[in-house]
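Q: Show me how the following folds:
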Amino acid sequence: MTRRDYGSVRRLPSGRWQARYATPAGERTTAPETFGTRAKAAAYLAKTQTDIDRGSWLDPVASTQTFGEYATAWLADRADLRPRTIELYAGLMARHLIPQLGDVGLARVTTAGVRQWYAARLRAGVGRSTVAKAYRLLKTILNTAVADEVIARNPCVLRGAGAERTPERVPPTLVEAHALAEAIEPRWRMLVLLATWSGLRWGELVALRRGSLDLDQGRLTVADQLVETQHERHLGPPKTDAGRRTVYLPPHLVPELAEHLDCWVGPGQDAWLFCGPLGAPLARRNFTGHWTLARAEAGLPHVRFHDLRHLSATLAAATGATTRELMARMGHSSPRAALIYQHATADRDRAVAVAMSGFATAAVPGVAAPATRSRSSRRVESSAGQLALDLGSA
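A: This next block holds a predicted model:
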């Protein structure tokens with residue numbers, strides 16, 4: 001064996017030469033190939049030392065992994081992910097990443113290859129939103145590979161590939177939401193009303209217990225959420241730290257909530273607010289049939305349950321709530337999420353401006369009548385007007 005300034009070279013019984021060196025982590029490793037001459041082995045060590053000094057060295061053993069091997073290990077190591085997120089990632093990998101890229105060597109995943117994969121998924125009829133999710137997951141996995149010094153750079157550099165352009169949904173009006181509450185089975189009426197007026201997420205609503213409510217103060221406390229995956233359900237913390245919050249309820253809802261407690265909820269503080277006949281917390285799959293029938297009866301087949309949360313946030317924004325107040329009420333951890341709902345304030349201001357034009361039409365000769373209001377403005381006006389009526393009669 002010959003010692004050098006960096007690494008070592010030795011001649012094997014076969015006559016070929018082997019190079020060994022220390023990785024940046026201080027671990028001794030062997031070059032993945034042998035060399036015909038000592039000079040070639042020394043040249044390999046010199047290049048390796050230069051790559052390490054420049055910060056461009058890659059683990060030659062780890063670099064021989066396929067994308068599928070690395071991605072599978074990556075997901076298994078992500079103990080920080082929530083069950084729903086693990087389920088989402090596993091599904092995206094199984095359908096859109098492993099079948100197409102699983103056998104490709106990790107170091108051979110190129111920008112051109114990613115571009116071809118992306119286009120092929122779209123040509124196969126996969127929705128843009130799903131392809132965007134799969135692309136973001138691919139980029140995240142390869143970012144970790146860069147940090148692990150398995151690849152030198154992330155090839156996921158396609159502009160806009162990870163962006164989801166979901167069209168904005170117009171929330172139902174209060175009249176429509178109350179029509180759904182009247183149409184659904186009485187046991188679930190308060191679930192619809194509470195979603196409308198509190199803005200809680202589904203998992204937060206079905207995790208509420210009798211002890212979550214303080215009817216004297218007209219408020220509820222969100223401390224947990226019920227997490228449902230394809231195979232299991234379990235109680236866990238809210239989606240973010242901001243999800244742990246106290247939400248005040250519109251006063252007109254409190255007497256109805258007290259009546260719901262008397263009719264449908266057990267006596268203990270741990271009794272579920274919304275449960276089946278046997279006392280178990282309500283599962284989404286068991287509620288779907290009731291919701292479908294209620295939508296049909298109300299003539300609102302397009303309304304999703306989550307749209308009630310959007311309505312609640314829109315109404316809060318229409319009252320003039322600030323971004324910070326919306327974040328606190330809705331359990332948002334960033335202003336970006338809360339700003340989604342502040343379009344209601346802009347729509348309301350547009351309606352006010354149109355109404356102001358009415359004064360000019362009446363008082364100033366030659367001024368044209370205001371243009372027809374937009375559908376979204378009419379819906380916000382309808383919701384805000386109904387809100388005033390409901391609170392005034394409470």
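Q: make it CA atoms for all contacts and neighbour counts henceforth
A: Noted.
Q: For the host helix or strand of residue 288, which helices and strands make contact with it?
A: According to DSSP states H and E, residue 288 maps onto helix 284-298. Here helix 284-298 touches helix 174-183, going by 3 or more C-alpha pairs under 8 Å, 6 or more residues apart in numbering; DSSP states H and E.
Q: in the helix it packs on, what counts as buried?
A: 174, 176, 177, 178, 179, 180, 181, 182, 183 (16 or more other C-alpha atoms under 10 Å).
Q: Mind putting those residues into TSV with pLDDT?
A: Formatted as TSV, those follow (pLDDT from 0 to 100):
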residue	pLDDT
174	90
176	95
177	95
178	94
179	96
180	97
181	96
182	95
183	97
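Q: Format the residues you listed as CSV; extra columns: distance to residue 212.
A: Formatted as CSV, the buried residues of helix 174-183 follow (distance: C-alpha to C-alpha, whole Å):
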residue, distance to residue 212
174, 25
176, 28
177, 24
178, 24
179, 27
180, 25
181, 22
182, 25
183, 27
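Q: count of residues packed around the closest residue to residue 24 other than its chain neighbours?
A: Nearest residue to residue 24, sequence neighbours excluded (C-alpha to C-alpha, 6 or more residues apart in numbering): residue 52, at 6.8 Å. Using other C-alpha atoms under 10 Å, residue 52 is surrounded by 15 other residues.
Q: Find the helix or strand that residue 52 is a member of.
A: Per DSSP H and E: helix 38-54 holds residue 52.
Q: So which elements touch that helix?
A: So helix 38-54, by 3+ C-alpha pairs under 8 Å, 6+ apart, packs with strand 8-11, strand 17-22.
Q: Can I get those in CSV including mean pLDDT?
A: Formatted as CSV, these follow (pLDDT from 0 to 100):
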stretch, mean pLDDT
strand 8-11, 90
strand 17-22, 86
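Q: So which of those is the most surrounded?
A: strand 17-22 (a mean of 20; mean count of other C-alpha atoms under 10 Å).
Q: could you give the angle of that strand to helix 38-54?
A: Put simply, strand 17-22 runs at 20 degrees to helix 38-54, going by axes from the mean of the first three to the mean of the last three C-alpha atoms, to 10 degrees.
Q: so after strand 17-22, what's the next helix or strand?
A: strand 28-30.
Q: How much space separates residue 223 from residue 257?
A: 19 Å (C-alpha to C-alpha, to the nearest Å).
Q: try residue 170
A: Residue 170 is 27 Å from residue 257, by C-alpha to C-alpha.
Q: Also residue 233?
A: Distance from residue 233 to residue 257, by C-alpha to C-alpha: 26 Å.
Q: the more surrounded of the two?
A: residue 257 (19 against 13).
Q: wait, what's in contact with that one?
A: residue 190 (C-alpha atoms under 8 Å, 6 or more residues apart in numbering).
Q: Assign it to helix, strand or coil.
A: At residue 257 the chain is in helix, as set by DSSP: H, G, I helix; E, B strand; the rest coil.
Q: Check the one 10 residues further on too.
A: For residue 267, the secondary structure call by three-state DSSP comes out as coil.
Q: Report pLDDT for it.
A: pLDDT, residue 267: 90.
Q: Helix or strand: which one has the residue nearest the centre of the chain?
A: In the chain, the C-alpha nearest the mean C-alpha coordinate belongs to residue 85, at 8.3 Å (C-alpha atoms, centre = their mean). Per DSSP H and E, residue 85 falls inside helix 83-92.
Q: any idea how far the closest residue to residue 9 other than its chain neighbours lies from residue 39?
A: Once flanking residues are discounted, residue 9 sits nearest to residue 19: 4.6 Å by C-alpha to C-alpha, 6+ apart. For residue 19, the distance to residue 39 equals 11 Å [C-alpha to C-alpha].
Q: thinking residue 117 is in contact with residue 102, fair?
A: No: in this structure, residue 117 is not within contact of residue 102 by C-alpha atoms under 8 Å, at 11.8 Å.
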